[in-house]
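A.B. asks: coords please:
(2 chains)
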Amino acid sequence: MIQAFALLLAFQLAGETLRVALHLPVPGPVLGMALLLLWLIFRGGPGDDLRHTSGNLLQHLSLMFVPAGTGVMLHVGRLADEAWPIAIALVVSTVLGLAATGLTLHVLTRQRRETSR
Amino acid sequence: MNTESMTEIWVYLSAQPLLWLTLTLAAYLLAIALHRKAGGHPAVNPVLLSVTILVVLLSLTGTPYQRYFDGAQFVHFLLGPTTVALAIPLHSQLKRLVAMGGPLLVALVVGSLTAGLSAYVIGALLGASAPTVASLAPKSVTTPIAMGVAERLGGLASLTAVFVILTGIFGAIFAAGLLRRLGVKDEASVGFAMGLASHGIGTARAFQLSEQTGAFAALAMGLNGLFTALTLPWLLPLLAPLVRP
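C.D. replies: Residues are numbered from 1 along each chain as shown, chains lettered A, B, ... in the order given. Next up is the predicted model:
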């Protein structure tokens, strides 16, 4: 477990280094994810330890958002002042984004799904 | 034990990272238990419940957010290595992802522009202030990218983080039902839409549906982060004069 965790941190560190060195607009962990994916392709897949540790972490992905989410209490004033524009913009744009993405992919891959059946 | 010594213990503990770290995990475990009890119903969202419990606790005890975060930052830190770990489900779905490369890229461009630009335009037309609108635009992308993009657009990083999380919770609760109503039921399309429109929280929900749904969500989250970081900072200034005369 510690080995796998060290590996994940090492890839995050590599991603962070890459971001700072090349002034990339993407955060270090996302670059680290891309680098680890390349390494997995090269190695032919993760070992049991890495698969197990990653599975455990990903199972509790929700937990990792709780500390930042609690920061909502810092913005109660602004959220109350502009509640309606914020709520409508947030809900409508997310629904539109979901529908546009889902429908586009669904329609574009329909033929493939039907031929594979 | 008298009240005075209880107050003393509280004053000591509430200043330690240990207390708020423990309470963060406890709130999450309680939220997970309630989520299970509700049969995994998406409305009983673990993030929403945990945040609610903690905000109530912090308000009742008059604890400032910064002191809370001194403890909770250890959990926050795990977001980094966990994001890296998303490479493992991506790798196991790699064949399907590559085979669908073209359609995935088209869906990425259509979905990303729709989610980002519509948030900006709707917010502006409804009269939200300029920093609020700039903070709303990147709300579908993962927190660190969204905060960076918002700052370049004149938004507030911490307000953006709140919008990102509200969007994620909304997506996690409603996405699957909404897509089903539109006739979109295949795992690839559902997952990709959830990850694109509601980033990591949507991805966490997608993994509850199936590993395949989760892998497509993780891919969409990464791609949308990249695409938004590259396009929104120069697209929005072009759009601004049209909605704000």
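A.B. asks: for the worst-scoring helix or strand of chain A on mean pLDDT, which positions count as buried?
C.D. replies: In chain A, no helix or strand scores lower on mean pLDDT, DSSP states H and E than helix A:110-116, which sits at a mean of 75. Buried residues in helix A:110-116, defined by neighbour count with 16 or more other CB atoms under 10 Å in any protein chain shown: none. (Glycine included, C-beta is placed from N, CA and C.)
A.B. asks: may I have that helix as CSV, with CA atoms only?
C.D. replies: C-alpha atoms of helix A:110-116 as CSV (Å, rounded to 0.1, in the frame of the first residue of the first chain):
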residue,chain,number,x,y,z
ARG,A,110,-25.5,4.7,-32.1
GLN,A,111,-24.4,3.0,-35.3
ARG,A,112,-21.4,1.4,-33.7
ARG,A,113,-23.6,0.0,-30.9
GLU,A,114,-26.2,-1.3,-33.3
THR,A,115,-23.6,-3.1,-35.5
SER,A,116,-21.9,-4.7,-32.4
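A.B. asks: now look at that helix and say if it contacts chain B.
C.D. replies: Yes. Helix A:110-116 reaches chain B (CB under 8 Å from any CB of the partner chain) through A:112-113.
A.B. asks: now do that helix: distance to the chain's middle.
C.D. replies: 28 Å (CA atoms, centre = their mean, to the nearest Å).
A.B. asks: from the rest of the structure, what touches that helix?
C.D. replies: Identification of contacts with helix A:110-116 by CB atoms under 8 Å, 6 or more residues apart in numbering or on different chains yields B:100, B:186.
A.B. asks: these two touch, right, B:Y120 and B:L236?
C.D. replies: Yes. Counting by CB atoms under 8 Å, B:L236 is a contact partner of B:Y120 at 6.0 Å.
A.B. asks: which residues do those two both contact?
C.D. replies: B:134, B:137.
A.B. asks: do you know how far the residue most central in space within chain A is from chain B?
C.D. replies: The residue lying closest to the centre of chain A (CA atoms, centre = their mean) is A:V30, at 7.5 Å. In this view, A:V30 and chain B are 6 Å apart by CB to the nearest CB, to the nearest Å.
A.B. asks: got phi/psi on A:G71?
C.D. replies: Note on A:G71: its backbone torsions stand at phi -60, psi -10 [degrees, to the nearest 10].
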